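In: Okay, predicted coordinates and the sequence, questions at the end:
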Amino acid sequence: MSQALSTDLRHRLVVAVEGGMSRRSAAKRFGVSPSTAIRWVNQCFQEGPVDPAQQGCDNRSGRMEAHADEVLAMIDATPDITLAELADYLEKAHGLRVSQGTVWRLLDRRGMTFKKNGTRKRATAS
């Protein structure tokens, strides 16, 4: 996975543009693309700091965490409920469209695991 360019480089580019250099010439000088320089300078003028955003994290788990108590209560009431049924319920009840993987990650964060038990599936002797 690629890494964000350093904060120091971002600040030096913005200072160069504030000092009178064009965004494209600053991009050439610091070895970044012109679109990157334009975005950094716009970010600086609109939002303030040009620090890179965090990469590689789950930014949407809050949607599921809002309904976590309800999902866990459903599992307690119906232990054999499937992930698909939970996802369908959330869509019908709350309009929240999530995949089965999203529901699984919620349960995984709670330490809930469902393991298949091979001895229950075996054919019995007649």
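Out: Now that the structure is in, tell me what you want to look at.
In: And for residue 48, the neighbour number?
Out: Residue 48 has 8 neighbouring residues, counting by other C-beta atoms under 10 Å. In short, each C-beta sits where N, CA and C put it, glycine included.
In: actually residue 69, not the one I wrote
Out: Using other C-beta under 10 Å, residue 69 is surrounded by 9 other residues.
In: mind listing what the residue minimising distance to the centre of the chain touches?
Out: The structure's the chain has its C-alpha centroid closest to residue 58; by C-alpha atoms, centre = their mean the separation is 2.8 Å. Counting by C-beta atoms under 8 Å, 6 or more residues apart in numbering, residue 58 makes contact with residue 105.
In: May I ask which helix or strand encompasses it?
Out: Assigned by DSSP states H and E, residue 58 belongs to no helix or strand.
In: For residue 41, see how far away the nearest residue to residue 61 once chain neighbours are set aside is.
Out: Excluding its sequence neighbours, the residue lying closest to residue 61 (C-beta to C-beta, 6 or more residues apart in numbering) is residue 105, at 6.9 Å. Residue 105 sits 37 Å away from residue 41, taking C-beta to C-beta, to the nearest Å as the criterion.
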